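Visitor: got a sequence here, can you model it:
(one chain, ligands or ions: 1)
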Amino acid sequence: MSILDIIEIGHPTLRRTALEVPLSEISTPEVQQFIDDLIETKRHANGAGIAANQVDDTRRIFVAEALHNPRYPFRPEYPLTVMINPVITYLTEERFGNFEGCLSIPNLRAIVPRCPVIRVQGVDRNGNALDFDVKGVCAGIFQHEADHLNGILFTDLIEDPTTLCTAGEFDRRYVGQFEAGIVEVEARYSGA
Ligand code: ZN
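Guide: Next comes the predicted model:
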């Protein structure tokens, strides 16, 4: 496995719409290697997800995985999930404010609206169909990564620019607000 270079905002590939992966290609060593590298790169960078665009590749593939983070122990974990050709459907009109960051936008965070109950469909790395719901704040990870495949960055979605902050200011001032928001969203939706 190898760690891939993560491109940053301003790089044109982050604005490209990624292309469907033909099902016949999923089992090829090249695609399997790419998925392994995406996982390795995500873990190395301590992200909750990574999409192919972020390593300058335009295939519709992303990886989501929220590991325990001692800095934010209240944040729910989510197991490693590889999504190929994902389709996301919003299952409620409701939205919650999600504090997000992005490996391609270093050091910045902001609140963006996300749907708290979604249906995720696609294909896994073995070519098997996936169809499941994600509820609560982890739904934000899937929306964030799926947006990457459509050339959309979380900064495009900010409704209140005054929520923009650096990682340092986030840790200094907004962790309490972040935790309270997560607790509320999880209580409201994750068991729903
Ligand atoms: Zn991102």
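Visitor: what comes up buried for stretch 32-48?
Guide: By neighbour count with 16 or more other C-beta atoms under 10 Å, stretch 32-48 contains the buried residues 34, 35, 37, 38, 39, 40, 41, 42, 43, 47, 48. (Each C-beta comes from the backbone N, C-alpha and C, glycine too.)
Visitor: and if you look at stretch 51-67?
Guide: For stretch 51-67, the neighbour count (16+ other C-beta under 10 Å) marks 51-55, 57, 59-66 as buried.
Visitor: then stretch 92-106?
Guide: Judged by neighbour count (16+ other C-beta under 10 Å), stretch 92-106 contains these buried residues: 96, 97, 98, 99, 100, 101, 102, 103, 104, 105.
Visitor: can you list which of the buried residues of stretch 32-48 are found in helices?
Guide: 34, 35, 37, 38, 39, 40, 41, 42, 43 (DSSP state H).
Visitor: and of those residues, the nearest to residue 184?
Guide: Residue 184 has its nearest neighbour among these in residue 42, at 27.3 Å by C-beta to C-beta.
Visitor: can you tell me the SS state at the closest residue to that closest one other than its chain neighbours?
Guide: Once flanking residues are discounted, residue 42 sits nearest to residue 50: 4.1 Å by C-beta to C-beta, 6 or more residues apart in numbering. Three-state assignment for residue 50 (DSSP: H, G, I helix; E, B strand; the rest coil): strand.
Visitor: how many residues are close by residue 50?
Guide: 28 (other C-beta atoms under 10 Å).
Visitor: show me what contacts it?
Guide: 6, 38, 41, 42, 62, 63, 103, 145 (C-beta atoms under 8 Å, 6 or more residues apart in numbering).
Visitor: and the longest strand for the protein?
Guide: strand 78-90 (DSSP state E).
Visitor: what packs against the helix or strand just after it?
Guide: The helix or strand immediately downstream of strand 78-90 is strand 96-102, counting by DSSP states H and E. Packing partners of strand 96-102 (3 or more C-beta pairs under 8 Å, 6 or more residues apart in numbering; DSSP states H and E): strand 105-114, helix 138-149, helix 175-185.
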